[in-house]
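Q: Predicted model and sequence below, questions to follow.
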Amino acid sequence: AFKTPTLRSLGQSAPYFHDGSAKDLTEVVTHYSKVFHREHHGQIRNADPKLGSIRIRTADIEALVAFLESLNEDYD
């Protein structure tokens, strides 16, 4: 069995990705926006076809990051 990690306090766990290459959630969401776009145009080999149906517009990135950061625990 695999337990999916929670999104709670995601905004407080930087850096992101396996190698720490994304310093904040904006970089993470921007990266995935580009991945989804590339899959939609058939530029990624062997990708899950469902990726191409996801759209994150540049105008949506700020709102999505704000939502993810709203899931942070308030430790103050």
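A: Perfect, thanks for sending it. Residues are numbered from 1 along each chain as shown.

Q: in the top helix by length along the chain, what's buried?
A: Criterion DSSP state H: the longest helix present in the chain is helix 25-40. Neighbour-count burial for helix 25-40 flags 25, 27, 28, 29, 30, 33, 35, 36, 37, 39, 40 (criterion: 16 or more other C-beta atoms under 10 Å). The C-beta positions use only the backbone N, C-alpha and C, and glycine is treated the same way.

Q: Could you identify the most distant pair in those?
A: 25 and 40 (22.3 Å; C-beta to C-beta).

Q: Show the contacting residues for residue 39.
A: By C-beta atoms under 8 Å, 6 or more residues apart in numbering, residue 39 lies in contact with 47, 48, 49, 51, 52.

Q: Filter those residues down to just the buried residues.
A: Using 16+ other C-beta under 10 Å, the buried ones in these are residue 52.

Q: among the contacts of residue 39, which are in strands?
A: Among those, no member is found in strands (DSSP state E).

Q: Run through the helices of this protein in chain order.
A: Using DSSP H, helices in the chain cover 25-40, 58-70.

Q: Turn those into a markdown table, including distance to residue 16.
A: Listed next are the helices of the chain as a markdown table, based on distance: least, C-beta to C-beta, whole Å:
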| stretch | distance to residue 16 |
| --- | --- |
| helix 25-40 | 5 |
| helix 58-70 | 11 |
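
Q: Which of those helices comes out lowest on mean pLDDT?
A: Mean pLDDT is lowest for helix 25-40 out of the helices of the chain, coming in at a mean of 90.

Q: can you pull the buried residues of stretch 16-27?
A: Across stretch 16-27, burial judged by 16+ other C-beta under 10 Å covers 16, 22, 25, 27.

Q: Return the member of those nearest to residue 69.
A: Each of the buried residues of stretch 16-27 was checked against residue 69 using C-beta to C-beta; the closest is residue 25, at 6.6 Å.
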